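> Generate a structure from the sequence data that follows.
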Amino acid sequence: MAATPEQPATTTPRRKAGRHRGEGQWAMGHYTPLNGNEQFKKDDDALNVRARIENIYSKRGFDSIDPNDLRGRMRWWGLYTQRKPGIDGGKTAVLEPEELDDRFFMLRVRIDGGRLTSAQLRVIGEISQQYARGTADITDRQNIQLHWIAIEDVPAIWEKLEAVGLSTTEACGDCPRVIIGSPVAGIAADEIIDGTPAVDEIHERYIGSKEFSNLPRKFKTAISGSPVQDVVHEINDIAFVGVEHPEHGAGFDVWVGGGLSTNPRFAERLGAFVPLDEVPDVWAGVVGIFRDYGYRRLRTRARLKFLMADWGPAKFRQVLEDEYLKRPLLDGPAPAQPTSRWRDHIGVHEQNDGNFYVGFAPRVGRVDGATLTKIADLAAAHGSDRLRTTVEQKMIVLDVAPDQVESLVEGLEALDFQVRPSSFRRGTMACTGIEFCKLAIVETKARGASLIDELERRLPEFDEPLTININGCPNACARIQTADIGLKGQLMLDGDGNQVEGYQVHLGGALGLEAGFGRKVRGLKVTSAELPDYVERVLGRYQEEREEGERFATWAARATAESLS
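Modelled structure (predicted):
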């Protein structure tokens, strides 16, 4: 049974709150909403807003939208108000939400496992051209986002998406977001286990269900059986990572409590081995713990990582087993080290059936609707009906026959999608930035694209794996703390005393091999205009000072502040 303020799904005895009002945990008897977000979720389940969008708001227009729906419940259906044009970054934290809101929306198309057919991608491209002024961004969670969406057009967009098996259900909001999965699940020759059945069953059983539609905050899931560990499992609320158990064969190791933003924390292993068919039940148990025990008093402490920090993995596993699964879990091994420093599947790779998959790199995830339809047509023309998005803002065409590979590569590169990209094209990501995001302080997408061009021109021989992640605010949507060079947007003064866009620099972050958060050197900031000079300079020092085979992150951890400045 789903937990509600009237009937919590837990056997833990209720404990009356004393003088301290607690953390808003339902399982501890704290049902009274302690902030506005908890109040509007209690007043009406957010999934119910779809009917109002279809029957009222799309017919009466933007001004008819209730504020709690506009800036709250509509997120459960993938809709965020976007930033009004012309508002500079200095006003981001000063203006009221209604002053920042444009009369248009960002719409996030949910793509579980990054899985698309040619027909689905073509429809997204057509929607972009018809309703979104041609905009389209591939996100670092395998979704595609559109902008300039008018409320009047949303029902027609949903109809077109759902006709080809896509949706925006719970693409945003305090609920289970998209399930990211290995983009080469089921076809990679080196795969440990295919997690696709678990992704599908979780989606079928729980996405759009009111059992988990009111969580303390968003909940992020990753499932992959790839030995390259291609779903950033270290920074998800829950992740299932492929392993080989010495007695039980292939299955998954469970990680819980990861997340970034302003309080980054890596997930921790529960030490439990989960067979494929048990993944959905374990997933539901962890989400249930978050729903019932998660901190609802302060939004800044409402992510699962804070509960895990307080409980630790041993207690978390015990509660999961005793109260939710009603059985013990098997102990299991930790995953092996990832088999590649790149985790994005870029390039041409043989599948387990003798065909090939071809991964290619847009610039910082920025595409457009017309180009998406061309990619869909190109894939179909070369015999593929299946494409994938990745958590690195890249795309993959699957099932390409050997005699079609070179012509597909030529077609992609004619669209400026590199199959053999430079390290800079391959490793640079950027969030949405000030162009559309109400939280952003600086521009990111255009800055990232121009930075790639500059570095390719200045350092054409640089071929080391390198990640450069650009974020428009402190919230880390582009994973700045885990990049070799992470850039957090802020306003600063240039040499002439003028306020300009710039970045605080994080250096030496990493996932996978030697995972760690980047180093901040005191006072190390760079203006947007100076960014190419800075990156060129620091990479030059890395090449001069590194030991043989030394990764950038390892060098950055030991380098002097002078070398990093």
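
> any idea how far the helix or strand encompassing residue 253 is from the chain center?
Applying DSSP states H and E as the criterion places residue 253 in strand 249-256. When distances are taken as Cα atoms, centre = their mean, to the nearest Å, strand 249-256 is centred 21 Å away from the chain's centroid.

> So for the chain, which residue is the most central one in space?
Against the mean C-alpha coordinate of the chain, by Cα atoms, centre = their mean, the closest residue is residue 141 at 3.2 Å.

> Could you measure from that one over to residue 110?
Counting by Cβ to Cβ, to the nearest Å, the gap from residue 141 to residue 110 is 10 Å. Every C-beta, even on glycine, is put in place using the N, C-alpha and C of the backbone.

> State whether residue 417 and residue 365 are indeed in contact, as I suppose.
No - Residue 417 lies out of contact with residue 365 (Cβ atoms under 8 Å); the separation is 11.8 Å.

> These two: which has the busier surroundings?
Using other Cβ atoms under 10 Å as the criterion, residue 417 and residue 365 rank with residue 365 on top: 27 against 24.

> and the more buried one, what is it in contact with?
By Cβ atoms under 8 Å, 6 or more residues apart in numbering, residue 365 lies in contact with 137, 138, 139, 140, 393, 429, 430, 445.

> Same check on residue 299?
35, 37, 217.

> how about the helices in the stretch 451-565 of the chain?
Here the stretch 451-565 of the chain has its helices, by DSSP state H, counting those that start in this stretch, at 531-545, 552-558, 561-564.

> Quick one: list the elements packing against the last one.
Applying 3 or more Cβ pairs under 8 Å, 6 or more residues apart in numbering; DSSP states H and E, one finds that helix 561-564 contacts strand 519-527, helix 531-545.

> What segments of the stretch 251-400 of the chain are helices?
Using DSSP H, counting those that start in this stretch, helices in the stretch 251-400 of the chain cover 279-293, 304-319, 369-381.

> returning to that earlier point: intersection of neighbour lists for residue 141 and residue 110?
177, 178.

> What residues of stretch 491-502 count as buried?
For stretch 491-502, the buried set under the neighbour-count rule, 16 or more other Cβ atoms under 10 Å, comprises 492, 500, 501, 502.

> Ignoring the adjacent residues along the chain, who's closest to the first one?
Beyond its immediate neighbours in the sequence, the residue positioned closest to residue 492 (Cβ to Cβ, 6 or more residues apart in numbering) is residue 502, lying 4.0 Å away.

> Just give me the neighbour total for residue 547.
Neighbourhood size, residue 547 [other Cβ under 10 Å]: 8.

> so who does the residue nearest to it when sequence neighbours are not counted touch?
Nearest non-adjacent residue to residue 547, counting by Cβ to Cβ, 6+ apart: residue 555, 7.8 Å away. Neighbour list for residue 555: 508, 542, 545, 546, 547 [criterion: Cβ under 8 Å, 6+ apart].

> From those residues, keep the buried residues only.
Buried among these by 16+ other Cβ under 10 Å: 508, 542, 546.

> Out of those residues, which is nearest to residue 206?
Residue 206 lies nearest to residue 508 out of the buried ones among the contacts of residue 555, by Cβ to Cβ, at 37.8 Å.

> The spatially closest residue to that closest one that is not a sequence neighbour and residue 187: what is the separation?
In this structure, residue 508 finds its nearest non-sequential neighbour in residue 556, 3.2 Å apart by Cβ to Cβ, 6+ apart. According to Cβ to Cβ, residue 556 and residue 187 sit 36 Å apart.

> next one: residue 419
In terms of Cβ to Cβ, residue 419 sits 17 Å off from residue 187.

> swap in residue 421?
Taking Cβ to Cβ, one finds residue 421 at 22 Å from residue 187.

> And for residue 148?
On the measure of Cβ to Cβ, residue 148 and residue 187 end up 35 Å apart.

> Neighbour count: these two, which is higher?
Higher neighbour count among residue 148 and residue 187: residue 187, with 22 against 18, using other Cβ under 10 Å.

> just to revisit the earlier point, top of the contacts of residue 299 by neighbour count?
Within those, most neighbours by other Cβ under 10 Å means residue 217, with 23 neighbours.

> Kindly list the main-chain dihedrals of that one?
The phi/psi pair for residue 217 (degrees, to the nearest 10) reads phi -150, psi -170.

> Wait, it touches residue 174, no?
Yes - the criterion here is Cβ under 8 Å, and residue 217 meets it with residue 174 at 5.4 Å.

> any idea how far stretch 317-324 is from the chain center?
For stretch 317-324, the distance to the chain centre is 28 Å (Cα atoms, centre = their mean).

> May I have the distance across it, first residue to last?
Terminal residues of stretch 317-324 lie 10 Å apart, using Cα to Cα, to the nearest Å.

> Now it: buried residues?
317, 319, 320, 321, 323, 324.

> With stretch 319-338 instead?
Buried-residue list, stretch 319-338, by 16+ other Cβ under 10 Å: 319, 320, 321, 323, 324, 325, 329, 332, 335, 338.

> returning to that earlier point: now do the same contact list for the residue nearest to the centre of the chain.
Counting by Cβ under 8 Å, 6+ apart, the residues that residue 141 touches are 177, 178, 180, 220, 391.

> In helices only, show me these.
Applying DSSP state H to the contacts of residue 141, no entry is found in helices.

> which of the residues you listed tops the neighbour count?
Most crowded among the contacts of residue 141, counting by other Cβ under 10 Å, is residue 180 at 29 neighbours.

> give me every residue that touches that one.
112-114, 141-142, 220-223, 231-232, 236, 391 are the contacts of residue 180 under Cβ under 8 Å, 6+ apart.

> Pick the one among those residues closest to residue 284.
Using Cβ to Cβ, these come closest to residue 284 at residue 221, 11.1 Å.

> Pull up the gap between that closest one and residue 228, please.
The value you get for residue 221 to residue 228, if Cβ to Cβ is used, is 19 Å.

> repeat for residue 167
29 Å.

> could you give the mean pLDDT of stretch 304-323?
Across stretch 304-323, the average pLDDT comes to 98.

> Please read the previous query as pertaining to stretch 330-343.
Here the average pLDDT along stretch 330-343 is 93.

> do stretch 356-376 as well
For stretch 356-376, the per-residue pLDDT averages 97.

> from now on call the first residue 757
Got it, the first residue is 757 from now on, which makes the last one we talked about stretch 1112-1132.

> Within the helices and strands, which one has the nearest residue to residue 1131 once chain neighbours are set aside?
Nearest residue to residue 1131, sequence neighbours excluded (Cβ to Cβ, 6+ apart): residue 877, at 6.4 Å. Assessed by DSSP H and E, residue 877 sits inside helix 874-887.

> Pull out the buried residues from that helix.
874, 876, 877, 878, 879, 880, 881, 882, 883, 884, 885, 887.

> Tell me where the model's unsure across the protein.
757-777 (pLDDT under 70).

> Can you classify residue 904 as helix, strand or coil?
strand (DSSP: H, G, I helix; E, B strand; the rest coil).

> ok, the nearest residue to it once chain neighbours are set aside to residue 907 distance?
In space, not counting the residues next to it along the chain, residue 904 is nearest to residue 889; the distance is 4.3 Å by Cβ to Cβ, 6+ apart. Look at residue 889 and residue 907: by Cβ to Cβ, they are 15 Å apart.

> Of these two, give the one with the bigger neighbour count.
residue 907 (23 against 14).

> Distance check, that one against residue 1162.
From residue 907 over to residue 1162 (counting by Cβ to Cβ), the distance is 46 Å.

> can I assume residue 1284 is in contact with residue 1200?
No - assessed by Cβ under 8 Å, residue 1284 is found out of contact with residue 1200, at 9.7 Å.

> ok, the two, which is more surrounded?
Neighbour totals were compared for residue 1284 and residue 1200, and residue 1200 leads with 31 against 22 (other Cβ under 10 Å).

> which residue packs closest to the more buried one, ignoring adjacent ones?
Per Cβ to Cβ, 6+ apart, closest to residue 1200 is residue 1189, 3.1 Å.

> Against residue 1106, how distant is that neighbour?
Distance from residue 1189 to residue 1106, by Cβ to Cβ: 37 Å.
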